[in-house]
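>>> turn this into a structure:
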Amino acid sequence: MPGITTHYLFGIKAWHRMEKCALRNTISSFHGAYALGEQGPDPYFFHPIARIRKAGNPADIMHHEGLGPFLMALFQYAGDLPRGKERACTEAYAAGFLGHYELDSAVHPYVYGVSDPQASHDINTLETHFFLENDLDTALLYRMKGMDLKDFRMHATISMTPYMHRAVGEALTAACQSAYPDMKAGYFLMRTGITAERMALFLLEDRTRLKKKLAIWVEKKLFGHPIFSGIVGSKDPEISMEDPFNLRKTGWVNPWQTDKVRTESLPELMNGAFDRYLEGLSMLNTYFSSTDGDRKERVYNKLAAFVGNRSLHSGL
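I've put the predicted structure just below:
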């Protein structure tokens, strides 16, 4: 997956490029909910309860299965709320979640193609995966904000008041129960995932690089090489691969579509996702702004066709 910081910066860039409209103003007012939405289902990777549930981790389920029905349920839930702060918060969150979907489904095939060509999800392939994400976070943050990753306070971008926690938790619960009834994801799990994300972001910040050094040392002792330490937010002394962004246009294969060799670079994949995201945000603004029932239904159907039902892993 693209890293936490990359998802955030992707969303901020989209906000700056959006046309002036009601949804853009809503995102400005509820930027914390929007930033959280840009992280998609990833917060549940950090949720201790979610990781041990018999029904499965929501993050794993939502990454493996197509996300289209969930997104459309989330959009419909937000669009059916009475106008007010709760609806505006939910709209901003839903808009951010769409960004996560577009970026993951575009970039994930490349990340897996170079780090785990067999899509084994084996612990031995995760080192390249996570350190590649860190390379992308580092490069993009420096390019857009002139900052080192170690100096960026990511947890502060997700500023959520108690009623915003409640609004997003209720929206997630409703959308998950509609799209994934077997997930058995209740309100408590959905809401506490937000807290788990903010705590994880705080713990992953590493101004001195001591956390990362310690994590790498421990993982080398346990596994013989670093693995999860790649997501700790430090600027590494050198990049993890010779050409992590594939600027040389080397051929790579989506593990879920092995009959086709692709040559896109990571920037090209991200630019394609960005253009789609802007188009989706424009359609979403029209949907949320519609007051006529028949027109709203037509826009919803058009949006559903645009969103499709891609997997966050394979992009298919």
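
>>> following element in sequence after the helix or strand in which residue 268 is found, please.
Following DSSP states H and E, one finds residue 268 within helix 266-289. Scanning forward in sequence from helix 266-289 by DSSP H and E, the next helix or strand is helix 293-307.

>>> show me the shaky parts of the stretch 151-300 of the chain.
212, 215-216, 219, 222-223, 225-241 (pLDDT under 70).

>>> state the distance from residue 211 to residue 201.
According to C-beta to C-beta, to the nearest Å, residue 211 stands 13 Å off from residue 201. For every residue, glycine as well, the C-beta is placed using N, CA and C.

>>> these two: who's more crowded?
Neighbours per residue, other C-beta atoms under 10 Å: of residue 211 and residue 201, the larger number sits with residue 201, 22 against 18.

>>> wait, the more buried one touches residue 3, no?
No - Residue 201 is beyond contact range of residue 3, at 11.3 Å (criterion: C-beta atoms under 8 Å).

>>> tell me the angle the helix or strand harbouring residue 13 makes with helix 266-289.
Secondary structure from DSSP H and E places residue 13 in helix 4-17. Put simply, helix 4-17 runs at 60 degrees to helix 266-289, going by axes from the mean of the first three to the mean of the last three C-alpha atoms, to 10 degrees.

>>> pull the CA atoms of the next helix-or-strand element following helix 4-17 into PDB?
Helices and strands here follow DSSP H and E; after helix 4-17, the next one along the chain is helix 22-29. C-alpha atoms of helix 22-29 as PDB (Å, rounded to 0.1, in the frame of the first residue of the first chain):
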ATOM      1  CA  ALA A  22     -19.700  22.800  -1.800                       C
ATOM      2  CA  LEU A  23     -17.700  19.600  -1.200                       C
ATOM      3  CA  ARG A  24     -14.400  21.500  -1.200                       C
ATOM      4  CA  ASN A  25     -15.800  23.900   1.400                       C
ATOM      5  CA  THR A  26     -17.000  20.900   3.500                       C
ATOM      6  CA  ILE A  27     -13.500  19.300   3.400                       C
ATOM      7  CA  SER A  28     -12.000  22.600   4.500                       C
ATOM      8  CA  SER A  29     -14.300  22.700   7.500                       C
END
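
>>> ok now helix 22-29, how far from the chain's centre?
Centroid separation for helix 22-29 versus its chain: 20 Å, with C-alpha atoms, centre = their mean, to the nearest Å.

>>> and it, what's buried?
Neighbour-count burial for helix 22-29 flags 23, 24, 26, 27 (criterion: 16 or more other C-beta atoms under 10 Å).

>>> and the helix holding residue 268 with helix 22-29, angle?
For helix 266-289 against helix 22-29, the angle by the same axes, to 10 degrees is 110 degrees.

>>> with only the CA atoms kept, save helix 266-289 in CSV.
Output of helix 266-289 as CSV, limited to C-alpha atoms (Å, rounded to 0.1, in the frame of the first residue of the first chain):
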residue,chain,number,x,y,z
LEU,A,266,5.2,5.0,-9.8
PRO,A,267,4.7,8.8,-10.6
GLU,A,268,2.7,7.8,-13.7
LEU,A,269,0.4,5.5,-11.7
MET,A,270,-0.1,8.1,-9.1
ASN,A,271,-0.9,10.8,-11.7
GLY,A,272,-3.5,8.5,-13.3
ALA,A,273,-5.1,7.9,-9.8
PHE,A,274,-5.1,11.6,-9.2
ASP,A,275,-6.9,12.4,-12.4
ARG,A,276,-9.6,9.8,-11.6
TYR,A,277,-9.9,11.1,-8.0
LEU,A,278,-10.6,14.6,-9.2
GLU,A,279,-13.3,13.3,-11.5
GLY,A,280,-14.8,11.2,-8.7
LEU,A,281,-14.8,14.2,-6.3
SER,A,282,-16.7,16.3,-8.9
MET,A,283,-19.3,13.6,-9.3
LEU,A,284,-19.5,13.1,-5.5
ASN,A,285,-20.1,16.9,-5.1
THR,A,286,-22.9,16.7,-7.5
TYR,A,287,-24.5,13.8,-5.7
PHE,A,288,-24.2,15.4,-2.2
SER,A,289,-25.6,18.7,-3.6
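
>>> that one packs against which elements?
On a contact count with 3 or more C-beta pairs under 8 Å, 6 or more residues apart in numbering; DSSP states H and E, helix 266-289 meets helix 4-17, helix 22-29, helix 68-80, helix 85-115, helix 293-307.

>>> hang on, the earlier thing: same list (the buried residues of helix 22-29) but as CSV, adding distance to residue 51.
Compiled in CSV, the buried residues of helix 22-29 are given as follows (distance: C-beta to C-beta, whole Å):
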residue, distance to residue 51
23, 34
24, 36
26, 33
27, 31
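
>>> tell me which residues are up against stretch 187-195.
Applying C-beta atoms under 8 Å, 6 or more residues apart in numbering, the external contacts of stretch 187-195 come out as 36, 43-44, 47, 49-50, 53, 58, 158, 160, 165-166, 168-170, 172-173, 176.
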